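>>> Dropping the sequence and predicted coords here.
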Amino acid sequence: MDLTYTTEQVAFRAEVRTWLDAHVPARPLPSFDATREGFEAHREWERTLAAGGWGMVTWPREYGGRGLDLIQWLIFEEEYYLAGAPGRVNQNGLFLLGPTLMEFGTPEQKARFLPAMARGDEIWAQAWSEPQAGSDLAAVRATAVRDGDHYVLNGHKIWSSRAAFADWAFGLFRSDPASEGHKGLSLVLFPLNAPGITVRPIARLDGKVGFAEVFLEGARAPLAHRIGEEGQGWKLCMATAGFERGLLLRSPARYQVAAAKLVALYKQHAERIDPTLRAAVTRAWMDAESYALSIYATASRLIQGGKIGAESSTNKIFWSELDIALHRTALSILGARAELLPEAPDAGDVGTWLDDYLFSLAGPIYAGTNEIQRNIIAERMLGLPR
Amino acid sequence: MDFAFSDEQLMSADVARKLLTEHCTPASLRRLMTAGLAHDERTWQELSQIGLTGLLLPESLGGLGLGETDFVLIAEACGYAALPGPFVEHTGVAGPLLAAAGVGTAREELARRAGAGEVLLAIGHPSNPFVADADIAAAVLMEHRNEIHLVLPHAARLTRQESIDPFRRLFRVDWTPSPDTQLTSGAPGKPLWEEAFNRGALFAAAQCLGLAQRAVDLSVEYVKTRKQFGKAIGSYQAMKHLLASVQVKIEFARPVVYAAAARFAQRNLFSRALISHAKLVASEAAEAGARAALQTHGAMGYSWEVDVHLLLKRALALECAWGLPSFHRERVMHRILTQPLGPEHTFSCEPHHA
């Protein structure tokens, strides 16, 4: 066990920092979930990242990456959050579909989709949930029926993050119309501007259009855009969900930077606030550190050839709960001003705490509810009966 | 950066685990309890025969010359087995303190014999008002104005303090410091006591981790077989979610305990805060585990017959051993308020002086 960075890792951190210092936009970009303009500004940032070779550092060079290991990825993420760089508008592609393609895609599919993804030319949305298939994802009804060398897609997808402005989606379809449950499902890629597809944005509780409904009425997708074998969709989705809950979607730096800001907020207000908040601040900081240590341990294990299993579910519960507690503590420190929007004349230093708190509340719901994660932990880690 | 144990470390932990599974069984604990004992001579012999009682002692004193990272998994296994008696404090805290307290033929001989498991050491520290297992120890290490003293039990008055944990044999030790008992003066003694305290907290945290996992495992076995409403109660989400929540606490306490062991040798406010962090989250996991075990076992869990209460009582005792939660929270807070924060400082080594 050696918990120090190597000289190469220290040098790598410096390299990342230098590049980010020179390239991160001086002013925050407008939200990618509120307007097309904000979305396109983030696409430009993805292009800038890609041009510097920083789009997805763990990917092989041939797909636009740097072939780096997970520790280097963690260092990159740490510097990224420290620099206050823009959110990753293509996270569904880079962190979810990307690893799935890397593991299950054909060489043609990898060559077709990965470089365009890394460059930000194609921004991805996930089209899995349906009105009747939320936690019970295997109840999807949308169909992909063969017609020559194409699938004909029909159905109604919902809660697709980024779909309002994204270019492509990866959807879960019933390719065997007679099938039920986990069987007979396939993962099919389709462009969101194809004929027969209507995207209807859904306003979130903060009024932004972060997700959308997708109506498919006879849209066509080539068979070659199916990932894996026909009927293997469930297995692929579970692998993708593992990436999502596991390592990639929420790197620890996100919470560590937020915890550092929370401590700064606490220091500013320490004299006038409820002394019990001291314990809550300590707790938030410790939880962010615990999460980081755990991810470093997992990364070390994966580098040595280990696999990520049901512990990706423990990750998801831990980061989503710490995220809420951290932001809720910040609001308690802000007190009566916590409810103010930043544009309120007397908002002072409220910053984005409220916005980030509201977003944190979605954490226990998306990427598989925490109730489902607890079922997974109980059944797969602890071996309890279904 | 390599956050993983070596094959040797994993292997010796495995050996210890197997040994404890074989010898420190629920039945053997019951036998000790009936006899009013907290020390199982047989298990002790087994542990010392493979050198574990001298694990942290230097090779010059016949020890294995290993460090905190080598012992942390073994202490965790002791917590899992709910091993009673002085093994963890003897091996992890008292032995290294005696060895560090300086030279002298008699003292070296005592350290050598302690490492070989021929005699037991007990340790008193100002943070713990009572000394565990003082009555069966050949010598007790005591603090007086930061000095380290070695007190022989016959030269002290031991007053038994009954604990709810039948395996915690606690004593108030009344003794008189004298040149005969003194091993070191206060100046060199202070950092050594601090180091002993940190080892005590670290290995208490490791035991808590094991204890928490034992509580979950015990619950899992029970809820898989106990049936109500025609089904194993483990199939109900209320049980699943309760136990899954404890498992989450364990999963995120474990790397903190391991990192605290790995960084122990840093001996600065980063490593001390990490030990405190580990102690806090591991003892919380142990308490949550024991309480969940009580609930999943229902009335059985509240009975003397089922082992849940042994875990519950040990968790209660360990939470306040080697520093109260409030002390450890303040140590973490001190690191937070005085040192740079952020992801690039998780593994920082050099304190920043303002």
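Great, that's in hand.
>>> Look at A:Pro30 and give its secondary structure.
When classified by DSSP: H, G, I helix; E, B strand; the rest coil, A:Pro30 comes out as coil.
>>> Strands of chain B, start to end?
Along chain B, counting by DSSP state E, strands occupy B:121-123, B:131-132, B:139-144, B:147-151, B:157-162, B:169-174, B:182-184, B:227-228, B:231-232.
>>> One more: chain A?
A:124-127, A:143-147, A:150-161, A:168-174, A:185-191, A:197-202, A:211-222, A:226-227.
>>> Dump these to TSV, plus mean neighbour count and distance to A:Trp73.
To be clear about C-beta, it is placed using only N, CA and C from the backbone, and glycine gets the same treatment. As requested, those are exported to TSV (neighbours: other Cβ atoms under 10 Å in any protein chain shown; distance: least, Cβ to Cβ, whole Å):
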stretch	mean neighbour count	distance to A:Trp73
strand A:124-127	29	19
strand A:143-147	17	34
strand A:150-161	21	22
strand A:168-174	26	22
strand A:185-191	23	25
strand A:197-202	16	32
strand A:211-222	19	27
strand A:226-227	22	23
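>>> Let's see the pLDDT reported for the residue nearest to the spatial centre of chain B.
Nearest to the mean C-alpha position of chain B, by Cα atoms, centre = their mean, lies B:Ala204 at 2.9 Å. B:Ala204 carries a pLDDT score of 98 in this model.
>>> Just name the most buried of the strands of chain B.
Mean neighbour count, computed with mean count of other Cβ atoms under 10 Å in any protein chain shown, is highest for strand B:121-123 among those, reaching a mean of 27.
>>> List the strands paired with that strand, with their directions.
Applying DSSP bridges, strand B:121-123 is found paired with strand B:139-144 (parallel).
>>> quick check: mean pLDDT across the strand it pairs with?
Strand B:139-144 comes out at a mean pLDDT of 97.
>>> Can you tell me what sits against that strand?
Contact partners of strand B:139-144, identified using Cβ atoms under 8 Å, 6 or more residues apart in numbering or on different chains, comprise B:94, B:97-98, B:101, B:110, B:119, B:121-126, B:131, B:134, B:148-153, B:156, B:173, B:175, B:177, B:181-182, B:189, B:193, B:196.
>>> And the residue nearest to A:Phe95 when sequence neighbours are not counted, how far from chain B?
Leaving aside its sequence neighbours, A:Phe95 sits nearest to A:Leu248 (Cβ to Cβ, 6 or more residues apart in numbering or on different chains; 4.0 Å). A:Leu248 is 16 Å from chain B, where distance means Cβ to the nearest Cβ, to the nearest Å.
>>> Ok, A:Leu249 next?
Distance from A:Leu249 to chain B, by Cβ to the nearest Cβ: 17 Å.
>>> Contacts only, for the nearest residue to A:Met1 once chain neighbours are set aside.
Spatial nearest neighbour of A:Met1, excluding adjacent residues (Cβ to Cβ, 6+ apart): B:Ala262 at 4.6 Å. By Cβ under 8 Å, 6+ apart, the residues touching B:Ala262 are A:Met1, A:Asp2, A:Leu3, B:Phe3, B:Glu68, B:Thr69.
>>> picking up where we left off before, using JSON lines, lay out the strands of chain B together with distance to B:Arg272.
Converted to JSON lines, the strands of chain B look like this (distance: least, Cβ to Cβ, whole Å):
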{"stretch": "strand B:121-123", "distance to B:Arg272": "19"}
{"stretch": "strand B:131-132", "distance to B:Arg272": "23"}
{"stretch": "strand B:139-144", "distance to B:Arg272": "18"}
{"stretch": "strand B:147-151", "distance to B:Arg272": "20"}
{"stretch": "strand B:157-162", "distance to B:Arg272": "29"}
{"stretch": "strand B:169-174", "distance to B:Arg272": "26"}
{"stretch": "strand B:182-184", "distance to B:Arg272": "21"}
{"stretch": "strand B:227-228", "distance to B:Arg272": "48"}
{"stretch": "strand B:231-232", "distance to B:Arg272": "46"}
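>>> How many residues are close by the residue in chain B that chain A sits nearest to?
When distances are taken as Cβ to the nearest Cβ, chain B reaches nearest to chain A at B:Lys240, 3.4 Å away. Using other Cβ atoms under 10 Å in any protein chain shown, the number of residues around B:Lys240 comes to 24.
>>> and the closest residue to A:Gly87 other than its chain neighbours, backbone torsions?
Ranked by Cβ to Cβ, 6+ apart and with sequence neighbours excluded, the top spatial neighbour of A:Gly87 is A:Phe32, at 6.6 Å. Backbone torsions of A:Phe32, given as degrees, to the nearest 10, read phi -80, psi -10.
>>> Let me see the confidence value for A:Phe32.
Looking at A:Phe32, the pLDDT reads 94.
>>> so what's the residue in chain A that chain B sits nearest to closest to, chain neighbours aside?
As assessed by Cβ to the nearest Cβ, chain B sits closest to A:Ala378 within chain A, at 3.4 Å. Once flanking residues are discounted, A:Ala378 sits nearest to B:Lys240: 3.4 Å by Cβ to Cβ, 6+ apart.
>>> thought that neighbour was touching A:Gly383?
No - between B:Lys240 and A:Gly383 there is no contact under Cβ atoms under 8 Å: 11.0 Å.
>>> before we move on, back to that, widest-spaced pair of the contacts of B:Ala262?
B:Phe3 and B:Glu68 (14.9 Å; Cβ to Cβ).
>>> Lowest-scoring secondary structure element of chain B by mean pLDDT?
None of the helices or strands of chain B scores lower by mean pLDDT, DSSP states H and E than helix B:105-115, at a mean of 91.
>>> what does chain A give?
For chain A, counting by mean pLDDT, DSSP H and E, helix A:233-245 ranks last in confidence among helices and strands (a mean of 79).
>>> Tell me if that one is near chain B.
No - between helix A:233-245 and chain B, judged by Cβ under 8 Å from any Cβ of the partner chain, nothing touches; the nearest distance is 12.3 Å.
>>> Could you tell me how far that helix lies from the centre of the chain?
Offset of helix A:233-245 from its chain centre (Cα atoms, centre = their mean, to the nearest Å): 13 Å.
>>> tilt between it and strand A:168-174?
For helix A:233-245 against strand A:168-174, the angle by axes from the mean of the first three to the mean of the last three Cα atoms, to 10 degrees is 140 degrees.
>>> List the contacts of helix A:233-245.
A:95-97, A:99-100, A:103-104, A:128, A:137-138, A:172-173, A:175, A:182-183, A:185-187, A:227-228, A:249, A:308-309, A:312-313, A:315-316, A:367-368, A:373.
>>> what's the spacing between A:Ala344 and A:Ala338?
11 Å (Cβ to Cβ, to the nearest Å).
>>> Which one's more surrounded, those two?
The neighbour comparison of A:Ala344 against A:Ala338 (other Cβ under 10 Å) goes to A:Ala338, with 15 against 11.
>>> Tell me the pLDDT of the more buried one.
96.
>>> OK, contacts around it?
Contacts for A:Ala338 (Cβ under 8 Å, 6+ apart) come out as A:Ala330, A:Leu331, A:Ser332, A:Val350, A:Trp353, A:Leu354.
>>> Repeat the analysis, applying 7 Å as the threshold.
Contact partners of A:Ala338, counting by Cβ atoms under 7 Å, 6 or more residues apart in numbering or on different chains, are A:Leu331, A:Leu354.
>>> ok, now B:Lys224?
So B:Lys224 contacts A:Leu384, A:Pro385, B:Ala232, B:Gly234 (Cβ under 7 Å, 6+ apart).
>>> ok, which pair from those residues is furthest apart?
Farthest pair in the contacts of B:Lys224, by Cβ to Cβ: A:Leu384 and B:Ala232, 8.1 Å.
>>> okay, and the common contacts of these two?
Both A:Leu384 and B:Ala232 are contacted by B:Val223, B:Lys224, under the criterion Cβ under 7 Å, 6+ apart.
>>> Tell me who's in contact with the residue nearest in space to the middle of chain A.
Central residue of chain A (Cα atoms, centre = their mean): A:Leu249, 3.9 Å from the mean position. Shown in contact with A:Leu249 (Cβ under 7 Å, 6+ apart): A:Gln91, A:Phe95, A:Ala367.
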